[in-house]
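**Q** quick one, structure for this:
(2 chains)
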Number of protein chains: 2
Amino acid sequence: MMEKLINLLKEKYEVIFKDISLLEQAFTHSSYVNEHRHLELTDNERLEFLGDAVLELIISDYLFHNFQELPEGKLTKLRATIVREDSLAMFAKDCQFDQFVRLGKGEENSNGRTRASLLCDLFEAFLGALFIDQGQVAAKTFIYQVIIPKIEAGAFSHEMDHKTALQEVLQKNGDILIEYSLINEEGPAHSRVFHVEVKAGGKVLGLGSGKSKKAAEQKAAEVALADLKKKSQR
Amino acid sequence: MMEKLINLLKEKYEVIFKDISLLEQAFTHSSYVNEHRHLELTDNERLEFLGDAVLELIISDYLFHNFQELPEGKLTKLRATIVREDSLAMFAKDCQFDQFVRLGKGEENSNGRTRASLLCDLFEAFLGALFIDQGQVAAKTFIYQVIIPKIEAGAFSHEMDHKTALQEVLQKNGDILIEYSLINEEGPAHSRVFHVEVKAGGKVLGLGSGKSKKAAEQKAAEVALADLKKKSQR
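**A** Next up, the predicted model:
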């Protein structure tokens, strides 16, 4: 089974471990250690401790540089969404890691192999092992293969405001100028309505209206995003 | 004031910023930005977001390698103690950072300069700026000057069990073999008492008794630590 994992990592991610025992440890759940005491194995929990911090820094660094408009509060919220249990369990499954983790019988019978908390810990433990064996650049390369494309494809857009989500979608292939302009405002002062258009690379992508300029901009971005999504599905 | 800070960083920590505006941003509280809108400054909150993750990884990596006996749960607890608000505020003061942060008048008048949360954020923002300007190795070097010696001097020993704390104190100058041996046990089976001695480098450092071997070992380590502390104060 370990051989199949080694091949998968090599072929899919160009990751080749120097110390295979580290990789084995990352894929060893405590329930397996407890049921095989004579083997004197070590479970993956300490690696998970380290991998958690590796992931946190690499994602933080990415968000810091790629969401320059976002204030600290929103960066923190977005980071939390990306590194939360459900998300990491999903990434573990994307990598087929669930097929390779060594579990005790009890854990296996109670569907541990599909449990989000177990898969999340497994994913972090793998990152910890990769960090120790190959260094931080390798861990970053792996994260940029597995997680960042999902962010750029909009997997976490529901957690962003529409303007940020639109920026993320438009800028994934490089910098592009996004402009919001007030094209009209109407109505009496106490119930004014603002109309805004959003342009990227000079092309109008959406129109939005609202009771403030900010609300109108959000609406315009939402309309533009919905339109882009429709086009990409054709 | 910025010049004084630049000199302090250079003389005390051999840190020389390439981009002084990053250093200025790290020392700019949002209250200062709000009171000087015409200057179009940026506060230190985004840098704090990044610095938090930088610190977390460097401390995690240190703990992972230097507390090899500690399970994940205890590593997590110890890390939380080191990076918590009070601790980071203390490190900020150790570095005299409190003297250089730029605050708004309201914040200054309500003693913001001494508030733990503000100093903690400041410390993290500085690490974020250092990480961007000089890279991760520089951030690590700084943390190894400011935080790690405190850990090794036992500042967080109260958060460790006695055996771990003793190990930390004894091994700060390199590896040393620490041995616990059962030297006697007595009493009837239902109220047995165990006597344990702890040796380091072949020298007996402490004796402890307890109702289990584990309890006796903890007691022996506690006695040894108290004795070492007394000797170091002479």
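**Q** what residues go with each domain of chain A?
**A** Following automatic domain parsing, chain A resolves into domains at A:2-158, A:162-233.
**Q** and the next helix or strand past whichever helix or strand residue A:25 is part of?
**A** Using DSSP states H and E, residue A:25 falls within helix A:20-26. As assigned by DSSP H and E, the chain's next helix or strand after helix A:20-26 is helix A:30-35.
**Q** and that following helix with chain B, contact?
**A** No. Using C-beta under 8 Å from any C-beta of the partner chain, helix A:30-35 never reaches chain B; the gap is at least 9.4 Å. C-beta coordinates here come from the backbone N, C-alpha and C atoms, glycine included.
**Q** alpha carbons only: can I get that helix in PDB?
**A** What follows is helix A:30-35, C-alpha atoms only, in PDB (Å, rounded to 0.1, in the frame of the first residue of the first chain):
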ATOM      1  CA  SER A  30      -3.200   6.400  16.700                       C
ATOM      2  CA  SER A  31      -5.800   3.600  16.600                       C
ATOM      3  CA  TYR A  32      -3.400   1.600  14.400                       C
ATOM      4  CA  VAL A  33      -0.600   2.200  16.800                       C
ATOM      5  CA  ASN A  34      -2.700   1.100  19.800                       C
ATOM      6  CA  GLU A  35      -3.700  -2.200  18.000                       C
END
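**Q** pull out the buried positions in that helix.
**A** A:30-33, A:35 (16 or more other C-beta atoms under 10 Å in any protein chain shown).
**Q** which bits of chain A sit near chain B?
**A** That would be A:45-46, A:48-50, A:52-54, A:56-57, A:59-61, A:64, A:71-73, A:75-76, A:79, A:128, A:136, which are the residues of chain A within reach of chain B (C-beta under 8 Å from any C-beta).
**Q** out of those residues, which are buried?
**A** Burial by neighbour count, 16+ other C-beta under 10 Å: within those this picks out A:45-46, A:48-50, A:52-54, A:56-57, A:59-61, A:64, A:72, A:75-76, A:79, A:128.
**Q** quick one on the thing from earlier: how about a markdown table for the domains of chain A, with mean pLDDT added?
**A** Listed next are the domains of chain A as a markdown table, based on pLDDT from 0 to 100:
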| stretch | mean pLDDT |
| --- | --- |
| domain A:2-158 | 95 |
| domain A:162-233 | 88 |
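**Q** out of those domains, deepest packed?
**A** Across the domains of chain A, averaging neighbours per residue (mean count of other C-beta atoms under 10 Å in any protein chain shown) puts domain A:2-158 on top, at a mean of 18.
**Q** kindly check the end-to-end length of that domain for me.
**A** Terminal residues of domain A:2-158 are spaced 37 Å apart (C-alpha to C-alpha, to the nearest Å).
**Q** if we can go back for a sec, quick one: which of the residues of chain A next to chain B sit in helices?
**A** Residues of these located in helices (DSSP state H): A:45-46, A:48-50, A:52-54, A:56-57, A:59-61, A:64, A:72-73, A:75-76, A:79, A:128, A:136.
**Q** assign residue A:184 to helix, strand or coil.
**A** strand (DSSP: H, G, I helix; E, B strand; the rest coil).
**Q** nearest to chain B, of the buried residues of helix A:30-35?
**A** residue A:30 (9.4 Å; C-beta to the nearest C-beta).
**Q** for the closest one, what are its contacts?
**A** Contact analysis of residue A:30 by C-beta atoms under 8 Å, 6 or more residues apart in numbering or on different chains lists A:43-45.
**Q** now with 7 Å, please.
**A** Counting by C-beta atoms under 7 Å, 6 or more residues apart in numbering or on different chains, residue A:30 makes contact with A:43, A:45.
**Q** all strands for chain A, in order.
**A** For chain A, the strands defined by DSSP state E cover A:178-186, A:193-200, A:203-210.
**Q** so which of those is nearest residue B:97?
**A** Nearest of the strands of chain A to residue B:97, taken as C-beta to C-beta: strand A:178-186 at 37.2 Å.
**Q** if I look at the residue nearest to residue A:199 when sequence neighbours are not counted, how far off is residue B:208?
**A** Sequence neighbours aside, residue A:179 is the residue nearest to residue A:199 in space, at 4.8 Å (criterion: C-beta to C-beta, 6 or more residues apart in numbering or on different chains). Distance, residue A:179 to residue B:208, using C-beta to C-beta, to the nearest Å: 72 Å.
**Q** and if you look at residue A:29?
**A** Counting by C-beta to C-beta, the gap from residue A:29 to residue B:208 is 35 Å.
**Q** so what's the residue of chain A most remote from its centre up against?
**A** Taking C-alpha atoms, centre = their mean, the residue of chain A most remote from its mean C-alpha position is residue A:188, at 45.0 Å. By C-beta under 7 Å, 6+ apart, residue A:188 lies in contact with nothing.
**Q** next: residue A:104.
**A** Contacts of residue A:104 (C-beta under 7 Å, 6+ apart): A:31-32, A:34-35.
**Q** recalculate using a threshold of 10 Å.
**A** By C-beta atoms under 10 Å, 6 or more residues apart in numbering or on different chains, the contact set of residue A:104 is A:29-36, A:110, A:112.
**Q** of the residues you listed, which pair is most distant in space?
**A** A:36 and A:110 (18.1 Å).
**Q** what's the nearest residue to residue A:187 if we skip its chain neighbours?
**A** Residue A:187 sits nearest to residue A:193 (C-beta to C-beta, 6+ apart), 5.0 Å away.
**Q** and the gap between that neighbour and residue A:160?
**A** In terms of C-beta to C-beta, residue A:193 sits 25 Å off from residue A:160.
**Q** do the same with residue A:170
**A** In terms of C-beta to C-beta, residue A:170 sits 13 Å off from residue A:160.
**Q** one more: residue A:41?
**A** Plainly put, residue A:41 is 42 Å away from residue A:160 if you go by C-beta to C-beta.
**Q** please apply the same query to residue A:72.
**A** 15 Å.
**Q** touching, the residue nearest to residue A:199 and residue A:224? I think so.
**A** No. Using C-beta atoms under 10 Å, residue A:179 makes no contact with residue A:224, being 11.8 Å away.
**Q** spit out the residues that contact these two alike.
**A** Common contact partners of residue A:179 and residue A:224 (C-beta under 10 Å, 6+ apart): A:197-200, A:204.
**Q** tell me which of those is nearest to residue A:123?
**A** residue A:200 (34.6 Å).
**Q** ok, residue A:99 - contacts?
**A** Counting by C-beta under 10 Å, 6+ apart, residue A:99 has contacts A:1, A:4-5, A:8, A:27, A:93, A:113.
**Q** same thing with residue A:232?
**A** A:153-154, A:169.
**Q** returning to what we had before: with distance to residue B:122 added, can I get the shared contacts of residue A:179 and residue A:224 in a markdown table?
**A** Below are the shared contacts of residue A:179 and residue A:224 laid out as a markdown table (distance: C-beta to C-beta, whole Å):
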| residue | distance to residue B:122 |
| --- | --- |
| A:197 | 41 |
| A:198 | 37 |
| A:199 | 40 |
| A:200 | 38 |
| A:204 | 44 |
